[in-house]
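here is a sequence with its predicted model. Questions after.
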Amino acid sequence: MTADLTALDASVLASKIHAREVSSVEVTQAHLDRIAAVDGELNAFLHVAGEQALTAAKAVDDSLAAGNAPASALAGVPLALKDVFTTTDMPTTCGSKILEGWVAPYDATLTTRLREAGIPVLGKTNMDEFAMGSSTENSAYGPTLNPWDTTRIPGGSGGGSAAALASNQAPLAIGTDTGGSIRQPAAVTATVGTKPTYGTVSRYGLVACASSLDQGGPCGRTVLDTALLHEVIAGYDPRDSTSVNAPVRPVVEAARQGANGDLKGVRVGIVKELHSESYQPGVIASFDTAVAQLKELGAEVVEVSCPSFLHALAAYYLILPSEVSSNLARFDAMRYGMRVDDGNMSADQVMAATRAAGFGKEVKRRIMIGTYALSSGYYDAYYGQALKVRTLIARDFDRAYEQVDVLVSPTSPFTPWKIGEKVDDPLAMYLSDLCTLPTNLAGHCAMSVPSGLSADDGLPVGLQIMAPALADERLYRVGAAYEAARGPIARP
Ligand code: GLN
């Protein structure tokens, strides 16, 4: 019974809970049991909140028993939350020592929306420190292992959420995507993840990495589950100054339409610059097969060129560190978390010692790069130049979307690599973000859907679908149609 419940889709669990065939408490307990059984090895969770989750589940069961309608389409279905959204009832560490044990004084808007939707939060998931990384190895609390092969990385920065889904520890999860941290982990664990249009999911209470790029988003094992969660978390929030005041896109309807229909009349563009011989052959083969399936569904497929995408990586790795160097200045040993002080230190010394001890290598690297890129005399040459490239990327997208409705590419140029393989080579690590970064720089939306296992190593590959700002429903229509045509995939 217990094992069965953790293998079910969130949409199926929701109907069973709402029909009172099974209780939310049973479903939640089944997932807590699963976490207890497997997470000692996988390390997907930094904190498990069994008691709180069961209390939330019981509230849903009681409300349904009293004859009330479910609070949301996912009421009663538990979820794993990336440890970068604040929660008043459990710690928020962002995978960093500097925030070890820190409990936020307020809930993120996203956390509040989950609570109001009756979604029990099982716990907080592991991540690269402050969301900087592509492998979850930059967590101060040890790496998360990929359930497909525990000698390999689960992607990053949201490797904990992706691994929790892939190992049936949670039927739903939340990630954040600044340069690919939802999509790349989804790709390498054969799960689904969406980076919604910038500004459509509140950043209030999302601990900032790079504010002009950060976006929370939904993760699931199917496109429909991801769509259901998308509608729960999206929406205008006056507490986030960059929140978009527009109606939530009809992504659930689009997912249902896609799953039951074809793609006739849908124009799909293959981005020439994101289809390179330098990618792993099995990834390219899987992508080409996926494109053939889109054609069979009736989509009109053309090749489009976005030349400035070749400079996206360079621009991103100036813009992101610049914003990081400013955002992370708030960890000053006075306001949050850790404090190193031998009693004889000046305030400056306390600050320096705390940051030296509290931040990991990658975070320090980016703070230094960003501080340099923003310094007077270099600002125009680095940060200013990167902003110009960002504009060119947006223009390339605009031109492409005059011709097509969605763009596609592999999500990641390679399948999950061995733990430790790239830790000493930051550039090699950064290359895994090649295909995902342009979307963030433009503020658009994109999704990763599993496209099967690579022929060269039997490991998961993801298909990336991109769409313009505020056209998130296109991702779900195309994603669900593709998922149905692809058929069921193997599970780890
Ligand atoms: N891997 C990318 C980076 O290291 C993306 C991170 C993210 O999306 N948070 O910056």
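Now that the structure is in, tell me what you want to look at.

after the least confident helix or strand in the chain by mean pLDDT, heading C-terminal, what element do we hit next?
Across the helices and strands of the chain, mean pLDDT, DSSP states H and E gives its lowest value to helix 2-7, namely a mean of 79. Beyond helix 2-7 in the direction of the C-terminus, DSSP states H and E gives the next helix or strand as helix 10-18.

now that following helix: mean pLDDT?
When pLDDT is averaged along helix 10-18, the result is 98.

from the chain's centroid, how far away is the helix or strand following that helix?
Counting by DSSP H and E, the element after helix 10-18 in chain order, helix or strand, is helix 24-42. Distance of helix 24-42 from the chain centroid (C-alpha atoms, centre = their mean, to the nearest Å) equals 22 Å.

need the next SSE after helix 24-42, C-terminal direction.
Counting by DSSP H and E, the element after helix 24-42 in chain order, helix or strand, is strand 45-48.

residues making contact with that following strand?
Contacts to strand 45-48, defined as C-beta atoms under 8 Å, 6 or more residues apart in numbering, come from residues 32, 35, 39, 80, 83, 90-91, 93, 95, 122-126, 139, 141, 160, 164, 169. Where you see a C-beta, it was placed from the backbone N, CA and C, and this is true even at glycine.

mind redoing it with 6 Å?
With contacts defined as C-beta atoms under 6 Å, 6 or more residues apart in numbering, strand 45-48 is touched by I35, D39, D83, M90, P91, G123, K124, T125, N126, Y141.

and stretch 156-166, by the same measure?
42, 44, 80, 82, 125-128, 131, 133-136, 144, 147, 154-155, 170, 173, 175, 181-182, 185-186, 189, 191, 219, 221, 492.

the residue nearest to V192 when sequence neighbours are not counted and T189, how far apart?
On the basis of C-beta to C-beta, 6 or more residues apart in numbering, the spatially nearest residue to V192 that is not a chain neighbour turns out to be T226, at 4.7 Å. Separation of T226 from T189 (C-beta to C-beta, to the nearest Å): 14 Å.

neighbour count winner among the two?
Using other C-beta atoms under 10 Å, the more surrounded residue of T226 and T189 is T189, with 35 against 32.

quick one: name the residues of the protein near the ligand.
Residues of the chain lying close to the ligand by C-beta under 6 Å from any ligand atom are 131-134, 157, 176-181, 209, 320, 433.

which residues of the chain score low on pLDDT?
Regions of the chain meeting the criterion pLDDT under 70 cover residues 1-3.

grab the most central residue of it for me.
The residue lying closest to the centre of the chain (C-alpha atoms, centre = their mean) is I182, at 2.0 Å.

who touches P450 in this structure?
Applying C-beta under 6 Å, 6+ apart, the residues near P450 are A190, I489.

check for me that it belongs to a helix.
No - using DSSP: H, G, I helix; E, B strand; the rest coil, the assignment for P450 is strand, not a helix.

please report how far it lies from S212.
Distance from P450 to S212, counting by C-beta to C-beta: 30 Å.

same question, V60
Distance, V60 to S212, by C-beta to C-beta: 37 Å.

repeat that for L475.
As judged by C-beta to C-beta, L475 and S212 stand 21 Å apart.

neighbour-wise, which of these two wins?
Neighbours were counted for L475 and for S212 using other C-beta under 10 Å; L475 has more, 33 against 17.

the more buried one in helix, strand or coil?
helix.

which residues touch G360?
By C-beta under 6 Å, 6+ apart, G360 lies in contact with E129, N138, A140.

and the last one, how far from D62?
What it means is A140. Relative to D62, A140 is positioned 39 Å away (C-beta to C-beta).

what about these two, which has more around it?
Set side by side, A140 and D62 show more neighbours around A140, with 20 against 13, by other C-beta under 10 Å.

surely the more buried one meets I98?
No - using C-beta atoms under 6 Å, A140 makes no contact with I98, being 8.3 Å away.

show me the contacts for Y401.
Counting by C-beta under 6 Å, 6+ apart, Y401 touches P468.

just to be sure, it is in a helix?
Yes - checked against three-state DSSP, Y401 lies within a helix.

and it, how far is that from the ligand?
23 Å (C-beta to the nearest ligand atom, to the nearest Å).

tally of neighbours for the nearest residue to L8 once chain neighbours are set aside?
Leaving aside its sequence neighbours, L8 sits nearest to P171 (C-beta to C-beta, 6+ apart; 6.9 Å). Using other C-beta under 10 Å, P171 is surrounded by 30 other residues.

quick one, what contacts P171?
Contacts of P171 by C-beta under 6 Å, 6+ apart are A10, L13, V77.

endpoint to endpoint, stretch 401-417 covers what distance?
Length of stretch 401-417, first residue to last, C-alpha to C-alpha, to the nearest Å: 33 Å.

give the contact list for whichever residue of the stretch 351-492 of the chain sits closest to the ligand.
As assessed by C-beta to the nearest ligand atom, the ligand sits closest to D433 within the stretch 351-492 of the chain, at 4.7 Å. Neighbouring residues of D433 by C-beta under 6 Å, 6+ apart: G179, G180.

who's in contact with N440?
Counted by C-beta under 6 Å, 6+ apart, N440 has contacts G179, L213.

mind running it again at 8 Å?
N440 makes contact with D177, T178, G179, G180, K195, Y198, L213, Q215, Y316, according to C-beta under 8 Å, 6+ apart.

P413 too?
Taking C-beta under 8 Å, 6+ apart, we find P413 in contact with S276, S278, Y279, Q280, V283, L431, S432, L434, C435.

also G462?
The contact partners of G462, by C-beta under 8 Å, 6+ apart, come to 183-184, 186-188, 190, 410-412, 448-451.

which single residue in the stretch 251-400 of the chain comes nearest to the ligand?
L320 (5.6 Å).

rewinding a little: could you dump the contacts of P171 to CSV with neighbour count and distance to A66?
As requested, the contacts of P171 are exported to CSV (neighbours: other C-beta atoms under 10 Å; distance: C-beta to C-beta, whole Å):
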residue, neighbour count, distance to A66
A10, 25, 23
L13, 24, 21
V77, 34, 19
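
out of these, which one sits closest to the ligand?
Comparing those against the ligand with C-beta to the nearest ligand atom places A10 closest, at 23.3 Å.

shouldn't the closest one be in contact with A75?
No - if you go by C-beta atoms under 8 Å, A10 and A75 don't touch, sitting 11.1 Å apart.

from memory E100 sits against R339, does it?
No - contact between E100 and R339 fails when scored by C-beta under 8 Å: they sit 11.2 Å apart.

tabulate the contacts of P171 in CSV, adding columns for distance to H444.
As requested, these are exported to CSV (distance: C-beta to C-beta, whole Å):
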residue, distance to H444
A10, 26
L13, 31
V77, 28
